[in-house]
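Colleague: Predicted structure and sequence below. I'll ask about it afterward.
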Amino acid sequence: MKIAIHQPQYLPWPGYFNKILQSDIFVFLDDVQYKKNEWQNRNRIKSPNGEVWLTVPVHYNFGQKINEIEIDNNVLWRKDHLKTIRFNYQKAKNFSDFYPYIEDLLNKEYKMLVDVNIASINMILSYLNIDKKIVKSSELKVEGEKTQRLVNICKILNADIYISGSGAKDYLIVEEFEKNNIQVIFQEYHTPEYPQLFGNFIPNLSIIDMIFNVGKEETIKLLKL
């Protein structure tokens with residue numbers, strides 16, 4: 001049983017979905033500390049002037065968990081995101097097919113950041129016809145911190161393989177997994193170059209850039225590389 005675990009992000013990059021594709025069960029790590037100015041409430045798309053951030057405004061107090069973060073809906077962020085996405089991708093090859101999914105996502109109201117993040121990921125999985133078992137770590141009632149927390153999630157779900165992001169090599173204690181007969185595989189995904197609007201290729205944007213530019217079938221191929 002292959003397990004991958006990751007904090008829920010907003011319209012994540014292609015590597016996030018590569019990790020989901022590799023797993024039998026994917027776990028949203030929603031009950032760990034929120035990190036400001038990372039990928040949990042924002043991502044990047046491409047414009048004629050280079051990359052542009054799509055940011056979900058939040059009310060945040062230090063120490064809060066991801067699933068405790070409320071969205072600041074006094075800011076008209078959903079309308080702004082729709083306008084920005086439409087403006088920058090209306091000439092993309094796959095705009096007319098995919099944009100209605102973005103509209104459906106952002107025409108709904110969300111109180112909590114975790115809800116729009118998970119909704120954005122589920123929307124993309126649905127569009128790409130990717131069907132995986134997905135659970136929230138908060139539903140598993142897991143104890144422990146850092147590596148031990150991940151090990152405990154794997155044990156609860158009877159995993160014998162844990163798929164980790166390559167960035168975790170610096171802090172993940174692999175021996176803790178090995179003690180529990182769990183093999184650690186580090187993901188080695190690099191976004192392959194694909195046709196983009198507006199000049200030179202920019203890697204690791206939100207996956208919506210890839211989908212708009214190359215469509216569903218080609219996106220699936222690029223996610224499997």
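Modeller: Received, thanks.

Colleague: what's in contact with the lengthiest helix in the chain?
Modeller: Ranked by number of residues, the top helix in the chain under DSSP state H is helix 113-127. For helix 113-127, the external contacting residues (CB atoms under 8 Å, 6 or more residues apart in numbering) are 8-12, 16-17, 20, 28, 30, 34, 40-41, 56, 58, 66-67, 69-71, 98, 101-102, 104-105, 108, 110, 131-132, 134, 136, 207-208, 211, 216. In short, each C-beta sits where N, CA and C put it, glycine included.

Colleague: now do stretch 47-59
Modeller: Surrounding stretch 47-59, the residues in contact under the criterion CB under 8 Å, 6+ apart are 10-11, 41-46, 69-72, 75, 77, 81, 84-85, 87-88, 113, 116, 198, 202, 205-206.

Colleague: What of stretch 157-177?
Modeller: With CB under 8 Å, 6+ apart, stretch 157-177 has contacts from 1-6, 15, 19, 22-23, 25, 27, 135, 140, 146-148, 150-151, 153-154, 181-189.

Colleague: Send me that stretch as PDB with only the CA atoms.
Modeller: Backbone C-alpha positions of stretch 157-177 (Å, rounded to 0.1, in the frame of the first residue of the first chain) are rendered in PDB as follows:
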ATOM      1  CA  LEU A 157      -3.500   3.100   6.900                       C
ATOM      2  CA  ASN A 158      -1.400  -0.100   6.700                       C
ATOM      3  CA  ALA A 159       1.100   1.400   4.300                       C
ATOM      4  CA  ASP A 160       4.300  -0.300   3.500                       C
ATOM      5  CA  ILE A 161       5.500   2.500   1.100                       C
ATOM      6  CA  TYR A 162       5.600   6.200   1.900                       C
ATOM      7  CA  ILE A 163       6.000   8.600  -1.000                       C
ATOM      8  CA  SER A 164       7.700  11.700   0.200                       C
ATOM      9  CA  GLY A 165       8.500  15.000  -1.600                       C
ATOM     10  CA  SER A 166      12.100  15.400  -2.500                       C
ATOM     11  CA  GLY A 167      12.300  18.600  -0.400                       C
ATOM     12  CA  ALA A 168      11.800  16.500   2.800                       C
ATOM     13  CA  LYS A 169      15.200  14.800   2.400                       C
ATOM     14  CA  ASP A 170      16.700  17.500   4.700                       C
ATOM     15  CA  TYR A 171      14.500  16.800   7.700                       C
ATOM     16  CA  LEU A 172      12.700  13.400   7.300                       C
ATOM     17  CA  ILE A 173      14.100  10.800   9.600                       C
ATOM     18  CA  VAL A 174      13.900   7.800   7.300                       C
ATOM     19  CA  GLU A 175      15.000   5.400  10.000                       C
ATOM     20  CA  GLU A 176      11.700   5.900  11.800                       C
ATOM     21  CA  PHE A 177       9.900   4.500   8.800                       C
END
